[in-house]
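Visitor: Here is a sequence together with a model predicted from it:
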Amino acid sequence: MTITRIPPSPTGHLHIGTARTALFNYLFAKKNGGKMVFRSEDTDKTRSTREFEQEIIDGLKWLGLNWDNDEIVRQSERASVYREYLEKIIASGHAYISKEESKNTPGVMVEVVRLRNPNKKITFTDLIRGDITFDTTELGDLVIARNLDDALYHFTVVVDDHLMGVTHVIRGEDHISNTPRQILIQEAIGFDRPVYAHLPLILAPDRSKMSKRHGAVALENYKEMGYTKEAILNYLALLGWNPGNDQELFTFDELVEKFDIANVQKSGAIFDIKKFNWLNKEHLKKYSDSEFLTYLSLDTVTDLPELIQPESEAFKKLIPTIRERVHTRQEFVEEIKKGEYDFVFKSPSYEAGLLKWKNDEDIKAAQPRLQKALQLLKEADFSSAESIKSALWPYAEEVGKGEILWPLRVALSGKEQSPDPFTIAFIIGPEETLKRIAQACDKIGE
RNA sequence: GGCCCUAUCGUCUAGUGGUUAGGACACAAGGUUUUCAUCCUUGAAGCCGGAGUUCGAUUCUCCGUAGGGUCACCA
């Protein structure tokens, strides 16, 4: 049975790269009818925290990347297991206790455990890159434990991967050079070698490994900005993998179905927020109005302008309009905060001159048209933007579209750029619509 | 610097010993019912360089070059 693993170190937030590694491990396992296991690599007691561990677990689960039995193996709780193998490997002569000065606290003598390096060439076959050969001589007798009760990373990884039955180690390219060390330890203990696959890295725009100095790297950051899990999964998968055809939009199920590690790229991929935005919007399109409202969760936005009333009828009617203009919840909220749609909630203020259509000589030309529109709208059906449009359209065709639509839109929005007048009229309702048009007429008259 | 990995439009990528080198994002232009957005159409944009193999290399080999990763008693 195929068993992959996701072994994060809880020394920081859930990195977007870790999420992608988890995704690929999950997809590979699923694809092969196997499972993924989870392991918290918290042997560094000074940097690991339970808070980070929980955040990582929550993040992976939020994405839907579940693992076998929900089980959480913690390396910090397995010292006795490591000790057993440490003693075994020392007894066999493949490792030895070395009395030397501590590197961490100079001046203090300690007894670390070192692997007796056979100084040989190691060749392993990477599922993505093919054969990779290292001469381990340069590694020296690497330290595998600070002492018998305090095993280090390379040792714990090898022991746990073996004990947890891991068949495929799929991890970031930054682990390639760790692989020969771990193979050396495997061979010293006598464990079988798993299959390795090293994924290309996610790169920042400057082509270096994506890190905090480049901006958001934590999954949580993207979640907060309003990237949906569907979009995150989809984008992460596309970063370094392709289905072999032109499909770019995937549901999670489709990814599971179509994933093939043979189609994983060798070279690193730059994280392109623009394409990510596009994908997010595409996935958002599938949301119904009520799903979108839930997605927005505006009640969690603490600094929403007072003017905006998320519960109001007008606001609910406004949502589809904003929705088609933004990629994320964050952009949505910013649009509101900028006051772009304040005209929905209060009478617009604007210079009368703005009412003048570009083809008109005088602003006064707009007045009779607005009067006519007023008249037509009094009889109009305000049940939809479409019905409002049909009430005005014949007249607009007769007198010229810009000639009436422009001043009408300005009368309703007070802006040079806004949604079309029918939509605005629908949102603010008949009473307010008629009032604003009348006000515009007054403005011209002044 | 040593070791290792990588190299197709700006970005993510498809692809082949002979192709008009395909798609997507982004960008530009035009259009769709006034502006913005949406949508549609069109466009610009790429095989890192040099040898070699070959009738023919973007594709295969080698050498460069460039970029990246890694060199802990962190993981």
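Guide: Structure received.
Visitor: Against RNA strand B, how distant is residue A:99?
Guide: From residue A:99 over to RNA strand B the distance is 9 Å, taken as Cβ to the nearest atom of the strand, to the nearest Å. The C-beta positions use only the backbone N, C-alpha and C, and glycine is treated the same way.
Visitor: State the phi and psi torsions of that residue.
Guide: In this entry, residue A:99 is assigned phi and psi values of phi -90, psi 120 (degrees, to the nearest 10).
Visitor: Now it: closest residue in space that isn't a chain neighbour?
Guide: Among residues not flanking residue A:99 along the chain, residue A:111 sits closest, at 5.4 Å (Cβ to Cβ, 6 or more residues apart in numbering).
Visitor: quick one: strands adjacent to the helix or strand harbouring that neighbour?
Guide: Per DSSP states H and E: residue A:111 is located in strand A:109-115. Taking DSSP bridges as the criterion, strand A:109-115 forms sheet pairs with strand A:95-101 (antiparallel), strand A:143-147 (antiparallel).
Visitor: Pipe these into a markdown table and attach mean pLDDT and mean neighbour count per row.
Guide: Listed next are the strands paired with strand A:109-115 as a markdown table, based on pLDDT from 0 to 100; neighbours: other Cβ atoms under 10 Å:
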| stretch | mean pLDDT | mean neighbour count |
| --- | --- | --- |
| strand A:95-101 | 96 | 14 |
| strand A:143-147 | 97 | 20 |
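Visitor: May I see the ones you listed arranged in a markdown table, with distance to residue A:191 as well?
Guide: A markdown table is the format used below for the strands paired with strand A:109-115 (distance: least, Cβ to Cβ, whole Å):
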| stretch | distance to residue A:191 |
| --- | --- |
| strand A:95-101 | 14 |
| strand A:143-147 | 14 |
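Visitor: list the buried ones in the strand or helix carrying residue A:429?
Guide: For residue A:429, the host element (DSSP H and E) is helix A:421-445. For helix A:421-445, burial by neighbour count (16 or more other Cβ atoms under 10 Å) applies to A:421-428, A:432-434, A:436-437, A:440-441, A:443-444.
Visitor: Restricting to those residues, which residues neighbour RNA strand B?
Guide: Among the buried residues of helix A:421-445, the residues lying close to RNA strand B (Cβ under 7 Å from any atom of the strand) are A:421-422.
Visitor: Please report how far residue A:420 lies from RNA strand B.
Guide: Residue A:420 is 3 Å from RNA strand B, by Cβ to the nearest atom of the strand.
Visitor: Thought residue A:409 was touching that residue, still the case?
Guide: Yes. Residue A:420 is in contact with residue A:409 according to Cβ atoms under 8 Å; the separation is 6.7 Å.
Visitor: Comparing the two, which residue is more hemmed in?
Guide: residue A:409 (23 against 17; other Cβ atoms under 10 Å).
Visitor: what residues does the stretch 251-400 of chain A put near RNA strand B?
Guide: A:263, A:265-270, A:272, A:274-275, A:277-278, A:324-325, A:389, A:393.
Visitor: Pick the one among these closest to residue A:287.
Guide: Checking those against residue A:287 with Cβ to Cβ, the nearest one is residue A:324 at 12.3 Å.
Visitor: Which residue is the nearest non-sequential neighbour of residue A:347?
Guide: Nearest residue to residue A:347, sequence neighbours excluded (Cβ to Cβ, 6+ apart): residue A:436, at 6.5 Å.
Visitor: With residue A:307 instead?
Guide: residue A:345 (4.9 Å).
Visitor: hmm, back to that, tell me which other helices or strands the helix holding residue A:429 touches.
Guide: helix A:313-323, helix A:366-378, helix A:385-399, helix A:401-413 (3 or more Cβ pairs under 8 Å, 6 or more residues apart in numbering; DSSP states H and E).
Visitor: what is the rounded mean pLDDT of it?
Guide: For helix A:421-445, the mean pLDDT works out to 93.
Visitor: separation between the one residue sitting closest to the centre of chain A and residue A:64?
Guide: For chain A, residue A:232 is the residue whose C-alpha lies nearest the centre (Cα atoms, centre = their mean; 4.1 Å). From residue A:232 across to residue A:64, the span is 10 Å (Cβ to Cβ, to the nearest Å).
Visitor: got it, and residue A:54?
Guide: According to Cβ to Cβ, residue A:54 stands 18 Å off from residue A:64.
Visitor: How about residue A:242?
Guide: 21 Å.
Visitor: Next: residue A:40.
Guide: For residue A:40, the distance to residue A:64 - Cβ to Cβ - is 20 Å.
Visitor: okay, these two: which has more neighbours?
Guide: More neighbours surround residue A:40 than the other of residue A:40 and residue A:64, with 21 against 12 (other Cβ under 10 Å).
Visitor: pLDDT score assigned to the nearest residue to the more buried one once chain neighbours are set aside?
Guide: With sequence-adjacent residues excluded and distances taken as Cβ to Cβ, 6+ apart, residue A:40 is closest to residue A:74, at 4.7 Å. Looking at residue A:74, its pLDDT stands at 98.
Visitor: residues contacting residue A:74?
Guide: A:39-40, A:42 (Cβ atoms under 8 Å, 6 or more residues apart in numbering).
Visitor: Quantify the burial of residue A:329 by counting its neighbouring residues.
Guide: Neighbours of residue A:329 under the rule other Cβ under 10 Å: 23.
Visitor: which residues touch it?
Guide: A:225-226, A:295-297.
Visitor: Make TSV out of those and add pLDDT, neighbour count and secondary structure.
Guide: TSV is the format used below for the contacts of residue A:329 (pLDDT from 0 to 100; neighbours: other Cβ atoms under 10 Å; DSSP: H, G, I helix; E, B strand; the rest coil):
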residue	pLDDT	neighbour count	secondary structure
A:225	96	17	helix
A:226	96	20	coil
A:295	96	16	helix
A:296	94	19	helix
A:297	93	11	coil
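Visitor: With distance to residue A:141 added, can I get those in JSON lines?
Guide: Listed next are the contacts of residue A:329 as JSON lines, based on distance: Cβ to Cβ, whole Å:
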{"residue": "A:225", "distance to residue A:141": "48"}
{"residue": "A:226", "distance to residue A:141": "51"}
{"residue": "A:295", "distance to residue A:141": "55"}
{"residue": "A:296", "distance to residue A:141": "58"}
{"residue": "A:297", "distance to residue A:141": "56"}
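Visitor: Where do the strands of the stretch 101-250 of chain A begin and end?
Guide: Here the stretch 101-250 of chain A has its strands, by DSSP state E, counting those that start in this stretch, at A:109-115, A:121-126, A:130-135, A:143-147, A:150-151, A:168-172, A:195-199, A:202-203.
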